[in-house]
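Engineer: Sequence below, structure please.
(2 chains)
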Amino acid sequence: MSELGHVLVLAGGLSYEREVSLRSGRRVSEVLRTAGVDVETRDTDASLVPSVLADPPDAVFVTLHGGAGEDGAIRSVLELLDVPYVGADPDACRVAFDKPTAKAVVRSVGLRTPESVTLPKETFHDLGATVVLGRIIERLGLPLFVKPARGGSALGASIVRTAEELPAAMVGCFAYGDTALIERYVDGVEVAVSVVDVGDGPIALPAVEIVPDKGVYDYAARYTAGHTEFFAPARLSPAAAAACAETAVTAHTALGLRDISRTDLIVDADDVPHFLEVNVAPGMTETSLLPMAAEAAGQDLGDLCRALLQNAAARARA
Amino acid sequence: MVASEIRALFAVASRPEVVSLAGGMPYVTALPLDMVGELVSELVTRRGPVALQYGSGQGDPHLREQICDVMRLEGIQAAADDVVVTVGSQQALDLITRIFIDPGDVVLAEGPSYVGALGTFSAYQAKVVHIAMDDQGIVPESLAQTIYALETAGAPIKFLYTIPNFQNPAGVTLNIARRQQVLDICQRAGVLIIEDNPYGLLGFDGEPMPALRADNADGVVYLGSFSKTLAPGFRVGWALAPHAIRDKLVLAMESAVLSHSSFTQLAVGQYLATQPWREQIKTFRELYRERRDALLDALESLMPPEVTWTRPAGGFFVWATLPEGLDSKAILPRAVAERVAFVPGTGFFSDGSGARHMRLSYCYPEPDRIREGVRRLAGVIEQEMQLRDTFGTGSVREHSGVDTPGPDLA
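Structural biologist: Below is the predicted model of the structure:
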């Protein structure tokens, strides 16, 4: 592995997940510093491009969540600046960040993903919400899971158990995005599988099982220490654990992702994993899943982040 | 403390691209900062050994005299001995709550009320009961009825917490006639009044209103602050309390922090002694009046007709009411996406109500930014009204709990 000079951690941004991103950025910077890497942390504002041009980093670790961080925008800028970075390229990001598109891709390679309907708010306005929502319930049944087609951290997402709850869930969802993904809710064990590739091919880290104390893994449950119980590795049968690992690696590969990703799955009563969504800039906070998975695998997070940066830097030189 | 979505959204609102009508930050840039710099430098050079030493739990005696001069502007005759200097008036509120409240005790407060106070009351497990308020402040009949109902039910009422001038968040001021009624009702019922008055000297028309404390020295604890009339960075506030309460406050202060910072107390004292502070307050008033006008004009010309709002005669805040079926908390993400922020009304109630309201502050952004912010907000509200029409008015969700924003928003 080559030596790294100075690296840049990008955190903050103007997405709804700014706060989470700042926390991820702090954590990554901290573990990289402990691993002996020269780190600078920056927000994405008007000073970013001039500063990168003046002093190009050896590689960039993008811990920007939601919006520009995961939809490919900031990565396109990094490409324009000829700066190597950890993670998927802009085209792959665009596909993965749009949940309905990502679902279609993984379905085409044989993965299971809950049946769903994707509709922009204009459709409800033009055709009438009552008739369209009624038809959705007839087709998908209840309960349903409603979430914005793009975005993360469960913002705007909710479970709908009765038909009466659906309009409020739609309004809550449209607060965070103009298109809603309405999914059949699959009951089962919620797990997240992180995939990392430091140059030797994608490897799944142990699945992390999520048990929110209030039953729903919402924003508060995600980022309040102690509000969710995690099991790493997940309490799955060896066969189910293997199926989860395979599913995550298959999704990572099918979506053309690179270096790092996290796939969220539900494992049903028959041990079958169902793909929910994939994250191209997984959370790296103290309560985030990828760091827990790394720990469960006996990997030091700082060493892992450094290896990912070295791999990105080497790729650029190749 | 729960990691709330609202706090996450405010993290975005702090970026310069966003017009924040959410913050309660005084515009300290209007201070002559070079003068403050000289003053601090001189303080260290000349009085360093005192300024850098521990002080008394009650606060610097000379500053307490000066505080009495400030309070005289609102008709309060007080002795320095009854003043306790605290870390902002927020600490005074915390100490008073600590002294008086056992879990389950009742605190009366305007509905809506200051989010920072609600957070403190909630931390000590007080039960907050809101008193109705209209554009003339607390409704005395509501106060009397609520006290009667609570007493009948055997609920222990510990005090009434009120912000009589340019209230945070509603921007309304308790009128003269009602001041006497509120004092009478509380006196008859034996209910202590906590009068929180950070904005009293920031009125835009005429003389300051007489404080409740001016007419009742025994039944009122008065909380004051230099945060809005000078700068919040000094963290100098105070409580003026009847003797028995004052003694307890000094003990509580000592057990909490030993003593306030001598350094900032002496700096504030030096400022009051050597600088034209009344003129500075006038400068602040003119600045905030211009911004209030900018906000009211923009609301008038840009908001959909179904939206209404209060017209503050001082202070920092306008309280807006949204059309039926709209939820300010649900609107916030879209507003932030459009680069404008406000504080949803639910944060100012302890019972989850307030969804149709929002607090808009005009203290920090420049007037043209205020207008731009309102333009963006009006667009968001129009979109939201369309969404309401699509999905029906039953689509508003239940809320609960106090969402406490960070200090820059309180």
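Engineer: So which bits of stretch A:5-25 are buried?
Structural biologist: Along stretch A:5-25, the positions that meet the burial threshold by neighbour count (16 or more other Cβ atoms under 10 Å in any protein chain shown) are A:7-25. From N, CA and C alone the C-beta is placed, and that goes for glycine too.
Engineer: same check, this time on stretch A:26-37
Structural biologist: Along stretch A:26-37, the positions that meet the burial threshold by neighbour count (16+ other Cβ under 10 Å) are A:26, A:27, A:28, A:29, A:31, A:32, A:35, A:37.
Engineer: from the residues you listed, which single one is nearest chain B?
Structural biologist: Closest to chain B out of those is residue A:26 (13.0 Å), distances taken as Cβ to the nearest Cβ.
Engineer: So for chain B, which residue is the most central one in space?
Structural biologist: Ranked by distance to the mean C-alpha position of chain B (Cα atoms, centre = their mean), the top residue is residue B:168 at 4.5 Å.
Engineer: contacting residues for it?
Structural biologist: Contacts for residue B:168 were tallied using Cβ atoms under 8 Å, 6 or more residues apart in numbering or on different chains; they are B:24, B:114, B:198, B:199, B:315, B:316, B:317, B:359.
Engineer: Assign it to helix, strand or coil.
Structural biologist: Local secondary structure at residue B:168 is given as coil here, using DSSP: H, G, I helix; E, B strand; the rest coil.
Engineer: Give the phi and psi angles for it, as a check.
Structural biologist: In terms of degrees, to the nearest 10, the main-chain angles of residue B:168 are phi -100, psi 110.
Engineer: Let me see the mean pLDDT of stretch B:93-103.
Structural biologist: Across stretch B:93-103, pLDDT averages out at 97.
Engineer: Would you mark the buried spots in it?
Structural biologist: For stretch B:93-103, a neighbour-count test (16+ other Cβ under 10 Å) marks B:93, B:94, B:95, B:96, B:97, B:98, B:100, B:101 as buried.
Engineer: What about these, which are in helices?
Structural biologist: Among the buried residues of stretch B:93-103, the members found in helices (DSSP state H) are B:93, B:94, B:95, B:96, B:97, B:98, B:100.
Engineer: Closest one to chain A out of those residues, please.
Structural biologist: When those are compared for distance to chain A (Cβ to the nearest Cβ), residue B:94 comes out closest, at 23.1 Å.
Engineer: Residue A:143: what's it in contact with?
Structural biologist: Counted by Cβ under 8 Å, 6+ apart, residue A:143 has contacts A:159, A:160, A:161, A:185.
Engineer: Go ahead and confirm the first one touches residue A:216.
Structural biologist: Yes. If you go by Cβ atoms under 8 Å, residue A:159 and residue A:216 touch, sitting 6.3 Å apart.
Engineer: separation between residue A:11 and chain B?
Structural biologist: Applying Cβ to the nearest Cβ, to the nearest Å, the value for residue A:11 to chain B is 11 Å.
Engineer: wait, that residue sits on residue A:74?
Structural biologist: No. Counting by Cβ under 8 Å, residue A:11 sits too far from residue A:74 to count as a contact (11.1 Å).
Engineer: Can you work out which residues contact both of those two?
Structural biologist: The contact sets of residue A:11 and residue A:74 overlap at residue A:64 (Cβ under 8 Å, 6+ apart).
Engineer: related to what we said a few turns ago, just the ones of the buried residues of stretch A:5-25 in helices?
Structural biologist: When helices are assigned by DSSP H, the members of these inside them are A:18, A:19, A:20, A:21, A:22, A:23, A:24, A:25.
Engineer: neighbours of the nearest residue to the second one once chain neighbours are set aside, just the number please.
Structural biologist: Distances taken as Cβ to Cβ, 6 or more residues apart in numbering or on different chains put residue B:11 closest to residue A:19, at 3.8 Å, once the chain neighbours are dropped. Burial of residue B:11 is recorded as 19 neighbouring residues (other Cβ atoms under 10 Å in any protein chain shown).
Engineer: Out of the buried residues of stretch B:93-103, which comes closest to residue A:95?
Structural biologist: residue B:94 (51.8 Å; Cβ to Cβ).
Engineer: shaky segments in chain B?
Structural biologist: B:1-4, B:393-410 (pLDDT under 70).
Engineer: meant to ask about the stretch 201-318 of chain A, not that
Structural biologist: A:215, A:221, A:223.
Engineer: Burial check on residue B:62, number of neighbours?
Structural biologist: 15.
Engineer: ok, it - contacts?
Structural biologist: residue B:269.
Engineer: Not counting residues beside it along the chain, what's closest to residue B:275?
Structural biologist: Spatial nearest neighbour of residue B:275, excluding adjacent residues (Cβ to Cβ, 6+ apart): residue B:35 at 6.6 Å.
Engineer: What's the local residue count around the one you found?
Structural biologist: When counting by other Cβ under 10 Å, one arrives at 13 neighbours for residue B:35.
Engineer: Give me the helices and strands touching the helix or strand that contains it, please.
Structural biologist: Applying DSSP states H and E as the criterion places residue B:35 in helix B:33-51. Packing contacts for helix B:33-51, counted by 3 or more Cβ pairs under 8 Å, 6 or more residues apart in numbering or on different chains; DSSP states H and E, involve helix B:262-274.
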